[in-house]
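S.K.: Structure, please.
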Amino acid sequence: KHIHTEEYYPFYDRWFESDIYPSPDGMSIFFRDITRKKKAIQAIKESEEKYRTLVEQASDGIFIANKQGCFLTVNKSGQQISQYSMEELEGMSIYDLTIAEDLEKNPFHFKELAEGKTVVTERPMKRKDGTVIIVEVTAKFLNDERMLVFVRDITYRKKAEEEFRKTNRRFEMISRTTNDAVWE
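M.R.: Take a look at the predicted model:
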């Protein structure tokens with residue numbers, strides 16, 4: 001019966017795999033230095049861990065979808081913004097979070113994305129509870145044709161901007177009224 005082992009030898013700081021085969025004269029043992037392979041695997045694991053940590057700690061929602069817009073993965077912030085769990089989002093697409101009337105006026109920019117451009121738009125987003133928020137969306141196609149989408153809730157910023165515009169208009173009206181009164 002064949003036996004396969006992988007062993008780390010700290011004294012040499014090397015990994016070796018061995019394959020041991022029974023033979024008529026006893027056994028045959030084949031050794032191979034697999035240190036490079038093991039270090040590459042470890043580097044990939046560390047890189048994936050850093051990536052996951054960054055994605056999960058991001059305050060923006062990060063949605064990764066296939067080229068048809070079906071969600072593949074969504075970070076915790078994206079789940080909070082949309083109010084859907086990852087299990088629910090896995091059966092959904094970007095169309096499920098949009099409002100049909102807005103999509104008619106402001107369609108997705110797939111042509112620009114296909115050309116390798118990063119697209120930034122603002123649009124309403126429909127949440128699980130039916131509320132609508134305003135989000136800033138930054139989207140780009142990755143090399144493997146998946147879509148990377150960053151979503152930031154800007155509802156409060158948009159409300160503050162509108163309040164600022166209203167206040168500014170009031171001051172302009174007061175200023176004109178006051179100036180007109182002074183010149184009469």
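S.K.: Centre-most residue in this structure?
M.R.: By C-alpha atoms, centre = their mean, the chain has its centre lying nearest to residue 62, at 2.7 Å.
S.K.: Could you check how far the residue nearest to it when sequence neighbours are not counted is from residue 103?
M.R.: Leaving aside its chain neighbours, residue 62 sits nearest to residue 75 (4.4 Å; criterion: C-beta to C-beta, 6 or more residues apart in numbering). Any C-beta I mention is one placed from the backbone N, CA and C, and that applies to glycine too. To residue 103, residue 75 is 24 Å away according to C-beta to C-beta, to the nearest Å.
S.K.: Look at the two and report which has more neighbours.
M.R.: residue 75 (23 against 14; other C-beta atoms under 10 Å).
S.K.: wait, isn't the more buried one in contact with residue 56?
M.R.: Yes: using C-beta atoms under 8 Å, residue 75 is in contact with residue 56, at 5.6 Å.
S.K.: Distance of residue 131 relative to residue 157?
M.R.: 17 Å.
S.K.: For burial, what's the neighbour tally of residue 149?
M.R.: 22.
S.K.: What of residue 153?
M.R.: Neighbours of residue 153 (other C-beta under 10 Å): 19.
S.K.: With residue 110 instead?
M.R.: Going by other C-beta under 10 Å, the residues that sit close to residue 110 add up to 14.
S.K.: just residue 84 next, same as before
M.R.: 20.
S.K.: ok, now residue 86?
M.R.: What residue 86 shows, counting by other C-beta under 10 Å, is a neighbour count of 13.
S.K.: so where do the helices sit in the chain?
M.R.: 35-57, 76-82, 86-89, 100-105, 110-114, 155-183 (DSSP state H).
S.K.: Please look at the residue nearest to the centre of the chain and residue 72 and confirm they touch.
M.R.: No: Residue 62 is not in contact with residue 72 according to C-beta under 8 Å; the separation is 11.3 Å.
S.K.: does residue 86 really touch residue 79, like I thought?
M.R.: Yes: counting by C-beta under 8 Å, residue 86 touches residue 79, with 6.1 Å between them.
S.K.: anything in contact with each of these two?
M.R.: Common neighbours of residue 86 and residue 79 (criterion: C-beta atoms under 8 Å, 6 or more residues apart in numbering): none identified.
S.K.: Perfect, that will be all.
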